[in-house]
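**Q** compute the structure for the input listed below.
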Amino acid sequence: MVAVKIFKPRYKFWLETEGGYLLGQGAFDLLQAIQASGSLSAAVKTLKMSYRYAWGIIKQIEKNIGEPVLNTYKGGKAGGGGSDLTPMGRELLATYSRFKEIFDELCTPETQNLTAEK
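**A** So this is what the prediction gives:
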């Protein structure tokens with residue numbers, strides 16, 4: 001008797017523009033952390049990411065779509081600085097989330113044990 005091998009679906013996806021790569025899981029996590037914390041500094045601490053690296057991600061996204069995804073506010077002596085997402089930044093989060101939801105639905109426990117014979 002031949003043992004039936006079980007193949008489990010896994011995926012990794014990202015969003016692209018006509019110019020190529022735009023946003024993957026890491027950039028999504030960064031934007032989501034900024035939205036949750038209201039601060040790029042707080043987001044990078046949460047994600048254990050360097051501030052400079054995070055700015056590079058933001059700038060690359062903005063370059064690829066041609067518009068800002070992040071608003072920044074200077075603090076000063078009284079504090080009060082922070083960041084929030086622009087409407088485009090929020091749209092990117094929503095779009096990525098929706099695609100992830102669709103892919104996750106395809107990889108449910110019911111699909112984990114599919115073979116060509118079922």
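
**Q** and for the lengthiest helix in the chain, what's in contact with it?
**A** When the chain is parsed with DSSP state H, its longest helix is helix 87-106. Residues outside helix 87-106 that contact it (Cβ atoms under 8 Å, 6 or more residues apart in numbering): 9, 11, 13, 15, 22-23, 28, 31-32, 34-35, 61, 65, 67-70, 85. The C-beta positions use only the backbone N, C-alpha and C, and glycine is treated the same way.

**Q** hmm, 7 Å instead?
**A** 9, 11, 13, 15, 23, 28, 31-32, 35, 65, 67, 69-70 (Cβ atoms under 7 Å, 6 or more residues apart in numbering).

**Q** so which of the residues you listed sit within helices?
**A** Using DSSP H, 28, 31-32, 35, 65 are the members of the contacts of helix 87-106 that sit in helices.

**Q** circling back to that earlier point, what distance separates the longest helix of the chain from the centre of its chain?
**A** Remark: helix 87-106 is offset 9 Å from the chain centroid, using Cα atoms, centre = their mean, to the nearest Å.

**Q** and it, which residues are buried?
**A** 88-89, 92-93, 96 (16 or more other Cβ atoms under 10 Å).

**Q** check stretch 22-33 too.
**A** Applying 16+ other Cβ under 10 Å to stretch 22-33 flags 22-23, 27-28, 30-33 as buried.

**Q** what residue is smack in the middle of this structure?
**A** Closest residue to the average C-alpha location of the chain: Phe28 at 1.3 Å, with Cα atoms, centre = their mean.

**Q** quick check: closest non-adjacent residue to it.
**A** Distances taken as Cβ to Cβ, 6 or more residues apart in numbering put Tyr96 closest to Phe28, at 4.9 Å, once the chain neighbours are dropped.

**Q** and Val69, by the same measure?
**A** Nearest to Val69 is Gly89, by Cβ to Cβ, 6+ apart, at 3.6 Å.

**Q** where does this protein have low pLDDT?
**A** 1-2, 4-6, 76-79, 109-118 (pLDDT under 70).
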